[in-house]
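1. Based on what follows, work out the 3D shape:
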Amino acid sequence: MNIKARNKYLPTLSDFFDSIWLADWATIVYSTFTAVVLLFFWCQSESPWDILFTRLGIVAVVFLLIYIYTVWPNKWTRILRIAFPLAMLGVWYPDTFEFARLLPNLDHVFATADLKLFGCEPAYEMSRWLDGVVWSELFNAGYFAYYLMIALGALVPLIWRDEETLRTLFIVVAGFYAYYIIYLFLPVAGPQFYFAVIDPSLIAHGPFPALGDFFNQNPDSAVIGNTTEGFFQSLVAAAQEGGERPVAAFPSSHVGMSTILMFLFWRLKRGVFFTMLPLYLLLCGATVYIGAHYLIDVFAGWATAIIFFYVLDKLYIKLAPRDEKNNPL
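-> Residues are numbered from 1 along each chain as shown. Below is the predicted model of the structure:
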């Protein structure tokens with residue numbers, strides 16, 4: 001093999017590092033940070049080696065995809081790099097429970113806050129006020145639209161505003177990581193888990209008992225589900241069964257990330273923004289309707305979305321290398 005041919009498959013270290021996107025750095029930093037946190041919980045964790053090797057595996061694939069893209073820079077290897085961190089969100093989300101489960105549960109604090117602020121438990125009352133298959137299907141359709149919105153977050157810039165693709169990818173991926181960091185240290189399961197295990201007579205008016213390490217001892221605890229059957233209800237139930245854990249209620253990342261995505265749609269393609277707006281509003285209501293979140297979680301989701309979007313957008317402008325901002329290919 002001549003030198004020229006060999007160099008094609010052996011990029012210089014400088015070329016390799018120049019090919020690392022800011023979204024890649026977000027994944028590497030989050031993996032490293034959570035690995036360090038894991039060291040403090042090592043003796044308490046049930047499967048620390050599995051948790052550690054998950055991080056090593058994800059980072060290894062990130063570097064592999066960077067290498068492949070450096071050697072074969074084309075639209076398909078680029079799309080593969082974009083798709084991977086988004087696909088891994090399905091791994092990172094339930095992974096937060098492995099940390100939060102080791103801390104005392106705080107649902108009683110947030111259930112009490114909802115009761116004091118709103119005079120009732122909206123997550124308990126809403127499905128009773130808006131009963132029936134029509135309301136159930138509307139809200140569940142909105143909730144399931146969350147996954148469509150994430151997919152559109154990748155597709156819209158690729159189709160209409162390719163120069164914004166890597167900026168959008170960074171904001172979405174880093175936004176999710178910002179919420180996941182909160183969930184590591186704020187063990188709130190949400191009404192669908194909490195109300196399923198406390199005395200039913202306490203749900204409407206309290207007082208709400210502290211559960212301590214209940215969810216650590218009972219990680220597969222049952223949930224209070226929507227009993228009104230329907231097509232979208234079954235889709236949401238299947239999605240939750242596959243990846244939902246008694247964690248990640250405050251603030252609502254469904255509300256927060258869908259709000260960030262709506263900001264991005266407004267920037268990228270107004271037609272997509274207005275098309276998704278009804279589903280977005282239903283999604284925000286659905287988080288309470290199906291019992292996934294307390295109402296206070298929704299307001300916190302809106303507030304954090306504004307902060308995260310502003311900070312991450314400015315961070316990208318400041319830190320992204322020039323060739324990434326120009327977004328070749």
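2. Now stretch 204-214: buried residues?
-> When neighbours are counted by 16 or more other C-beta atoms under 10 Å, the buried residues of stretch 204-214 are found to be 208, 211, 214. No exception for glycine: its C-beta is placed from N, CA and C like everyone else's.
3. Surely the first one touches Asp114?
-> Think Phe208. No - with contact defined as C-beta atoms under 8 Å, Phe208 does not count as touching Asp114 (9.6 Å).
4. buried ones in the helix or strand where Gly175 lies?
-> Using DSSP states H and E, Gly175 falls within helix 165-185. Within helix 165-185, the residues scored as buried using 16+ other C-beta under 10 Å are 165-184.
5. after it comes which helix or strand?
-> Tracing the chain past helix 165-185, the next element assigned as helix or strand by DSSP H and E is helix 191-197.
6. Show me which residues of that following helix are buried.
-> Taking 16+ other C-beta under 10 Å as the basis for neighbour counts, the residues of helix 191-197 that come out buried are 191-197.
7. hang on, the earlier thing: sort out for me which of the buried residues of stretch 204-214 are in strands.
-> Restricting those to those inside strands, with DSSP state E as the criterion, leaves an empty set.
8. just those now: which is nearest Val62?
-> For Val62, the nearest member of these is Phe214. The distance, counting by C-beta to C-beta, is 36.0 Å.
9. quick one: that closest one and Ile198 touch, right?
-> No - between Phe214 and Ile198 there is no contact under C-beta under 8 Å: 9.8 Å.
10. one step back: tabulate the CA atom coordinates of the helix holding Gly175 in CSV.
-> Listed in CSV are the C-alpha atoms of helix 165-185, where the atom choice follows Å, rounded to 0.1, in the frame of the first residue of the first chain:
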residue,chain,number,x,y,z
THR,A,165,-28.3,21.2,10.8
LEU,A,166,-25.4,20.9,13.2
ARG,A,167,-26.5,23.9,15.2
THR,A,168,-30.0,22.4,15.6
LEU,A,169,-28.5,19.0,16.5
PHE,A,170,-26.4,20.5,19.2
ILE,A,171,-29.3,22.4,20.8
VAL,A,172,-31.5,19.3,20.8
VAL,A,173,-28.9,16.8,22.1
ALA,A,174,-27.4,19.2,24.7
GLY,A,175,-31.0,20.2,25.7
PHE,A,176,-31.8,16.6,26.5
TYR,A,177,-28.6,16.2,28.4
ALA,A,178,-29.4,19.3,30.5
TYR,A,179,-32.7,17.8,31.6
TYR,A,180,-31.1,14.4,32.3
ILE,A,181,-28.5,16.0,34.6
ILE,A,182,-31.4,17.5,36.6
TYR,A,183,-33.0,14.0,36.8
LEU,A,184,-29.9,12.4,38.1
PHE,A,185,-30.2,14.4,41.4
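11. So which other helices or strands are in contact with that helix?
-> On a contact count with 3 or more C-beta pairs under 8 Å, 6 or more residues apart in numbering; DSSP states H and E, helix 165-185 meets helix 22-40, helix 75-87, helix 89-95, helix 97-100, helix 133-160, helix 253-268, helix 295-319, helix 322-326.
12. Next, the angle from it to helix 133-160.
-> Helix 165-185 runs at 140 degrees relative to helix 133-160, counting by axes from the mean of the first three to the mean of the last three C-alpha atoms, to 10 degrees.
13. what distance separates helix 165-185 from the centre of its chain?
-> Here the centre of mass of C-alpha atoms in helix 165-185, compared against the chain's by C-alpha atoms, centre = their mean, to the nearest Å, lies 7 Å away.
14. what does stretch 239-257 give?
-> When distances are taken as C-alpha atoms, centre = their mean, stretch 239-257 is centred 7 Å away from the chain's centroid.
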